[in-house]
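Chemist: This is a predicted model, with the sequence first.
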Amino acid sequence: RPRLLLEHATALMWVGRLEGVESLVGEAERIVDAAAEGTDEGSPSSVENIHRPYLLGYAAATRAWHANLLGNPQSGIEFARRALELLPDDPRPRTFAAFSLAAAYSFAGDFEAASAAFAEATELGLAAGHDYLALEAMGYNAELQIARGRLHEADGILRRALGFAAERGEGSLPATGEVQVAMGELLYEWDELDSAEDRLKEGVRLAERTGQLGSLVDGYVSLSRLKQARGDTEGALGAAREAERLARSSGVGQFTVEAAAWKSRLHLARGELAAATSEWERLNLGDDDPTFVREIAQISRARLLVARGEHGEALEMLTRMRETAEAAGKKGSAFEILALESLALRAQGKNERAVSALSRTLALAEPEGYVRTFADSGPLMAALLSEVLEAQQRGRLGPDVPAYYLRRLSAALEREDSSATTPAGVELREP
C-alpha cells in the first residue's frame, strides 16, 4: 500500500496536479514508520519494514519533485540527496531521484550540476529500461542547454532521444512529448517554421495522451509564437488562451507565469497595451519564486515599460537582468534581454550605443544560429539591423557580424512583416 500511495502521488505530479500529493506521501511515510515500530498497523517483519529504506527513499524523491513544482528547488535538492542515500544501488529506483535532483539543480540555477545530473539520470533510465524517465531527462537536459545558449548541443541530445524512441518502437512514443516540443522550440529559434510546427503539433498530441501539462503549456505557447510569426494573430491568441487555461488548471506557478507573460507580449504585438498590462498584473509573484520564474516576469515587465515609453526605467531593469543572466551562464536569456536593451536605447535616441550593443550581441549569437529571438522583435528591430549593416559596411563596428547572418535575420524580418495581418485600427507597437 505505501508504494501504491507514492505511485499515485507521482502520477498526479506528472500531469501537473499538486492537490493531494502531500497527504498521499505523508500517509505512505506514516505506514512505513508504523511498521518499523511494530504498531497495530504493521510489524517488524512486515513487507513495509523489510523495504523501509526503499520506500522512504521513494517518498523523499517524490517530495523532491513536489518541492520543484512548488518553486522550492533548495528543498528539492535536499530531498533528492536523501533519496539517493536511502535507495539501493539499482538503476530503476534511483532514476527518479536522480531526475528530481537534476531538475532541482536546474531550477536553482546551478546549470553545471544540472547538466551532469540529467546525463546521469538518462544513463540510469536507459540501464533500467525506464524509457519514460530517460526520455524526460533528455528533454529537460536539451531545454537546459537551450537556456544556456548551446543550441547545437541541445540538438544533439534531442536527436539521440528521438533515435532511441524510434528504436524502442510504438511503446515509447507517448514519452516523447517533451522531446518533440523541445525540438519544435529549437527549430522555431532557427526559423525552420514548417518543421517546427510539425514537431510542436506532434508533441502536443503526445502530451495530451499522457496528460503532461508542462509540455502542453510549452507546446501551446510555442505554437502561438509560430502563428504570430506567420501573421495569424487570431490563431496565436487562441493558442495562447489554451496555454493559459492549461496552466491555471495545473496550479503550478511556473506554468501560469510562462503563459501569462507570453499572452502579455502577444497583446503588445496587437497594440493592446491595457490588456498587456492586465495580464502582467495577474502574475502575483513573490520573493520566494525561483529566479527563472521571476526572470520571465521581469522581461515581460521591461517590454511593457518600453511600450509605454518609460525607457530609462526599462534600461535600468534590463541592465540588472542582463548582468544576472550573464553571471548565471544563461546566454539564451541574455540575448533576449540585450535585443530589448538595444531597442530601448534606440528609442531614447542613443543610436550609436544601440547599434554597438546589437552588433556585439549578434556576434555572440551567430555561431548558434539564433534567429527568432531577434526577428520576433518586429519592425523596430529591422530598422536597427539595417543600421548595424550600414555601420559595419563603413568599418565603424567590431567584431564583424557575418554578412550571411545579417541577411538571414533581415529575410526573417521581411517575411514576418509581409505576412502580418494586423486587425483594422491596431498599431503594432511591441518592442
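Modeler: Okay, I see it. Numbering: from 1, shown residues only.
Chemist: C-alpha only now, for contacts and for neighbours.
Modeler: OK.
Chemist: Any idea which helix or strand in this protein has the lowest mean pLDDT?
Modeler: When the helices and strands of the chain are compared on mean pLDDT, DSSP states H and E, helix 47-50 comes out lowest with a mean of 50.
Chemist: Now the element after that helix, going C-ward?
Modeler: The C-terminal neighbour of helix 47-50 among helices and strands, as given by DSSP states H and E, is helix 52-69.
Chemist: Pull out the buried positions in the helix or strand encompassing L315.
Modeler: Secondary-structure element containing L315, defined by DSSP H and E: helix 311-328. Neighbour counts over helix 311-328 (16 or more other C-alpha atoms under 10 Å) mark H311, A314, L315, M317, L318, M321, R322, T324, A325 as buried.
Chemist: before we move on, what about stretch 18-38?
Modeler: Across stretch 18-38, burial judged by 16+ other C-alpha under 10 Å covers L18, V21, L24, V25, A28, E29, I31, V32, D33, A34, A35, A36.
Chemist: quick check: mean pLDDT across that stretch?
Modeler: For stretch 18-38, the mean pLDDT works out to 86.
Chemist: now stretch 178-193
Modeler: pLDDT averaged over stretch 178-193 gives 97.
Chemist: In a markdown table, list the buried residues of stretch 18-38 along with secondary structure and distance to G235.
Modeler: Output for the buried residues of stretch 18-38, formatted as a markdown table (DSSP: H, G, I helix; E, B strand; the rest coil; distance: C-alpha to C-alpha, whole Å):
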| residue | secondary structure | distance to G235 |
| --- | --- | --- |
| L18 | coil | 30 |
| V21 | helix | 36 |
| L24 | helix | 40 |
| V25 | helix | 41 |
| A28 | helix | 46 |
| E29 | helix | 48 |
| I31 | helix | 51 |
| V32 | helix | 52 |
| D33 | helix | 54 |
| A34 | helix | 56 |
| A35 | helix | 56 |
| A36 | helix | 58 |
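Chemist: Kindly indicate which of these lies nearest P73.
Modeler: Nearest to P73 among the buried residues of stretch 18-38: L18, at 15.7 Å, using C-alpha to C-alpha.
Chemist: you'd agree that closest one is up against H8?
Modeler: No - distance between L18 and H8: 11.3 Å, which falls outside the contact criterion (C-alpha atoms under 8 Å).
Chemist: rewinding a little: considering the buried residues of helix 311-328, which is situated nearest to F292?
Modeler: Closest to F292 out of the buried residues of helix 311-328 is A325 (9.5 Å), distances taken as C-alpha to C-alpha.
Chemist: And for that closest one, nearest residue in space, chain neighbours not counted?
Modeler: Closest residue in space to A325, ignoring its immediate chain neighbours: A334 at 5.6 Å, by C-alpha to C-alpha, 6 or more residues apart in numbering.
Chemist: Could you measure from the one you found over to A274?
Modeler: 27 Å (C-alpha to C-alpha, to the nearest Å).
Chemist: higher neighbour count, the two?
Modeler: More neighbours surround A334 than the other of A334 and A274, with 24 against 12 (other C-alpha atoms under 10 Å).
Chemist: Quick one, grab the pLDDT at the more buried one.
Modeler: Note on A334: pLDDT of 96.
Chemist: need the contact list for the residue nearest the centre of the chain.
Modeler: Centroid check for the chain by C-alpha atoms, centre = their mean gives E143 as the closest residue, at 6.4 Å. Counting by C-alpha atoms under 8 Å, 6 or more residues apart in numbering, E143 touches A154, A182.
Chemist: can you check E258 too?
Modeler: V293, I296.
Chemist: Show me what the helix holding L315 is packed up against.
Modeler: Counting contacts by 3 or more C-alpha pairs under 8 Å, 6 or more residues apart in numbering; DSSP states H and E, helix 311-328 is packed against helix 291-308, helix 331-347.
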